[in-house]
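Novice: need a structure here:
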Amino acid sequence: MKESVIAIKFQDAVYQQVNSSSWLRRWLFYKAFDAKSKAIDAGKTPSPFWDRLVFSKIRQAFGGRIRVATSGSAPLSVGTAKFLRIVFADEVVEGYGLTETNAVGTTSSPYDKNTYGHVGALGSIVEMKIVDVPEMQYLFCKKKTKICDYNPEATKEVLREDGWFATGDIGKWRLDGKLQLIDRKKTCSRLLFFNANILASVLAQGEYIRPEYIEGIYKRSLYVGNIFVHGNSDETYLVAVVYPDPEVFAKWATQNGLGSIANNLEALIKEPGVKSVIEKDMERVALEESLQGYERVKKFILVKDDFTVENGLLTSSMKLKRHVAKKKFAEEIKKMYSEPILIKAKL
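Specialist: Coordinates of the predicted model:
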């Protein structure tokens, strides 16, 4: 499982535990969280008082000695990165790189503690440049050592003759010299060809969508085990395929008079209450992470099977094979777009 997914699940597990506790514990947690958050936003070092009183108990569950949390498989949302620093670790470090380019290309630093939304500055072992794609910027890397072309055919597609490696990522350099990742090129653009093999799309009104980023936000929901977000370029809203978390819904079913089917996800997803719970919680995380209206899912279906390497929906590095998912759920996507939006939701 990706570090970013683990972080999201950890974040929501903490919130669930806090919100089910006594009013005094809830008040203390949010008081402490707010105090540390304001200190960080002001560029100050938070007082250790709140760590000793509140957050040390959470950290103790992981041994009590964690000082740094690192993530490198996908960018953390600003909210999740800040949460980790407040609750879990003194420092949160994010990195970016590829196996083909010596893994680490950029990395954030403890001195970046009051800034989020980036993966740090460029290291010493690679070069990077951003090439303009119409209205966007495409990231290239170049190693100072030889790239091993263990797959010659695939290497030809991404490695240019001048040694620059096409990462497949869209990014931009911030004014402070930090790299901000936006999304994968294959999933973030308009109906524009960058080369003969890559086509990316966006909604009909011309707004760019970032599926991987949006999926990461919705995975913050405790009820969402996995999600595939899709937007047709001739439509004005997003749809999704959601795999509910079976363990969470087993507990939910038991607590809501559906104990007889608690361990039968196929039966549970047919219950109207299940979809309503997921819809409400997806709305919550969308609001908390300030997703724009066009970034919010308006319709979704529930499926009983997770996305796995075995069923062809994930790569060996646990990334969604978007083209495979689009083909597999083509009929469901078509149906969602063909039916009117009957439920007024602000997802």
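
Novice: for the stretch 1-150 of the chain, what spans make up the helices?
Specialist: With DSSP state H, counting those that start in this stretch, the ranges of helices along the stretch 1-150 of the chain come out as 3-19, 23-41, 49-50, 56-60, 78-83.

Novice: so which of those is the most packed in?
Specialist: Mean neighbours per residue, mean count of other Cβ atoms under 10 Å, is largest over the helices of the stretch 1-150 of the chain for helix 78-83, with a mean of 20. C-betas here are computed from N, CA, C, even on glycine.

Novice: Just the C-alphas of that one, formatted as CSV.
Specialist: What follows is the C-alpha trace of helix 78-83 in CSV, where atoms were taken according to Å, rounded to 0.1, in the frame of the first residue of the first chain:
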residue,chain,number,x,y,z
VAL,A,78,-1.6,19.7,2.3
GLY,A,79,-4.2,18.7,5.0
THR,A,80,-2.7,15.2,5.4
ALA,A,81,0.9,16.5,5.6
LYS,A,82,0.0,19.1,8.2
PHE,A,83,-2.0,16.5,10.2
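
Novice: remind me which residues of the stretch 1-150 of the chain are low pLDDT?
Specialist: By pLDDT under 70, the low-scoring segments of the stretch 1-150 of the chain are 1-5, 73-74, 99-104, 110-111, 113-114, 124-125, 132-140, 142-150.

Novice: if you set the cut-off to 90 instead, what comes out?
Specialist: Residues of the stretch 1-150 of the chain that meet the criterion pLDDT under 90 lie in 1-23, 25-26, 37-48, 56-150.

Novice: Now do the contacts for M282.
Specialist: Remark: with contacts taken as Cβ atoms under 8 Å, 6 or more residues apart in numbering, M282 is in contact with Y218, S221, V224, V297, F300, L347.

Novice: So which of those sit within strands?
Specialist: The members of the contacts of M282 that map onto strands under DSSP state E are V224, V297, F300.

Novice: And what about the residue nearest to the last one when sequence neighbours are not counted, helix, strand or coil?
Specialist: With Cβ to Cβ, 6 or more residues apart in numbering as the measure, A240 is the residue that lies nearest to F300, at 4.0 Å, once sequence neighbours are left out. Three-state call for A240 (DSSP: H, G, I helix; E, B strand; the rest coil): strand.

Novice: Hmm, A240 is touching V229, no?
Specialist: Yes: with contacts defined as Cβ atoms under 8 Å, A240 counts as touching V229 at a distance of 4.8 Å.

Novice: Redo the helices of the stretch 1-150 of the chain as CSV? Include distance to K321.
Specialist: Converted to CSV, the helices of the stretch 1-150 of the chain look like this (distance: least, Cβ to Cβ, whole Å):
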stretch, distance to K321
helix 3-19, 16
helix 23-41, 37
helix 49-50, 43
helix 56-60, 35
helix 78-83, 24
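
Novice: domains of this protein?
Specialist: Domain segmentation of the chain under automatic domain parsing yields 3-93, 97-186, 211-338.

Novice: Which of these has the highest mean neighbour count?
Specialist: Mean neighbours per residue, mean count of other Cβ under 10 Å, is largest over these for domain 211-338, with a mean of 17.

Novice: Now do the end-to-end distance for that domain.
Specialist: The straight-line separation of the ends of domain 211-338 (Cα to Cα, to the nearest Å) is 21 Å.

Novice: Can you name the residues that contact E215?
Specialist: With contact taken as Cβ under 8 Å, 6+ apart, E215 is in contact with I227, F228, V229, L320.

Novice: Looking at these, which is nearest F29?
Specialist: Comparing the contacts of E215 against F29 with Cβ to Cβ places I227 closest, at 27.6 Å.

Novice: Okay, and that closest one sits in which element?
Specialist: Element membership of I227 [criterion: DSSP states H and E] is strand 224-230.

Novice: could you say what helices and strands that strand packs with?
Specialist: If you count contacts as 3 or more Cβ pairs under 8 Å, 6 or more residues apart in numbering; DSSP states H and E, strand 224-230 packs onto helix 211-218, strand 238-244, helix 272-288, helix 322-328.

Novice: switch the cut-off to 6 Å
Specialist: Contact analysis of strand 224-230 by 3 or more Cβ pairs under 6 Å, 6 or more residues apart in numbering; DSSP states H and E lists helix 211-218, strand 238-244 as its packing neighbours.

Novice: quick one: it to helix 272-288, angle?
Specialist: Interaxial angle of strand 224-230 relative to helix 272-288 (axes from the mean of the first three to the mean of the last three Cα atoms, to 10 degrees): 70 degrees.

Novice: what is the orientation angle of strand 224-230 with helix 3-19?
Specialist: Interaxial angle, strand 224-230 versus helix 3-19 (the same axes, to 10 degrees): 130 degrees.
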